[in-house]
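> I need the structure of the sequence given here:
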Amino acid sequence: MAQDFRNSLERTIGTADRTILAAGDYDAVIGIRCCNILTATITVDVKVAKGGNDYFLAKGVVIPPNSAIELIQGGAKIVLANGDVLEAVSDTASSLDVTCSYIDTISS
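As a prediction, the model looks like this:
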């Protein structure tokens, strides 16, 4: 079975929610890396917005200066249905870069 591997890159995320991925029909997120690009500590949230509700993958995670965290590891996956939106936000302006790897529309 062929799969369509893709990525979404967002840089200098600040204090407003930023869309990382607006899902199509059953996308599988296979990696999320959040990187603090500043020389001061930041706090970040990563969540799935669905139907007016937020479902947190990470809430209030502290990232030290010039460091990164990996939210999905060891073969784990998060499946997003059509209309789900993966978002990230920081407590500090222009402080966060996010790389998301995903499989676009899982095929059978």
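
> I'd assumed Ile42 was in contact with Ser90.
Yes: between Ser90 and Ile42 there is a contact at 5.1 Å, judged by Cβ atoms under 8 Å. (Glycine included, C-beta is placed from N, CA and C.)

> joint contacts of those two?
Residues touching both Ser90 and Ile42 (Cβ atoms under 8 Å, 6 or more residues apart in numbering) are Leu96.

> ok, Asn36 - contacts?
42, 63-68, 95-96.

> for it, which residues count as its bridge partners?
Bridge pairing for Asn36 (DSSP bridges) gives the partners Leu96.

> so for it, what's the pLDDT?
With respect to pLDDT, Asn36 has a value of 98.

> ok, it to Tyr26 distance?
Distance, Asn36 to Tyr26, by Cβ to Cβ, to the nearest Å: 31 Å.

> so can I have TSV of the contacts of Asn36 showing secondary structure?
What follows is the contacts of Asn36, written out as TSV (DSSP: H, G, I helix; E, B strand; the rest coil):
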residue	secondary structure
Ile42	strand
Ile63	strand
Pro64	coil
Pro65	coil
Asn66	coil
Ser67	coil
Ala68	strand
Ser95	coil
Leu96	strand
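
> out of those, who has the most neighbours?
Using other Cβ atoms under 10 Å as the neighbour criterion, Leu96 leads those with 28 neighbours.

> isn't that one right up against Ile37?
Yes: Leu96 lies in contact with Ile37 (Cβ under 8 Å); the separation is 7.0 Å.
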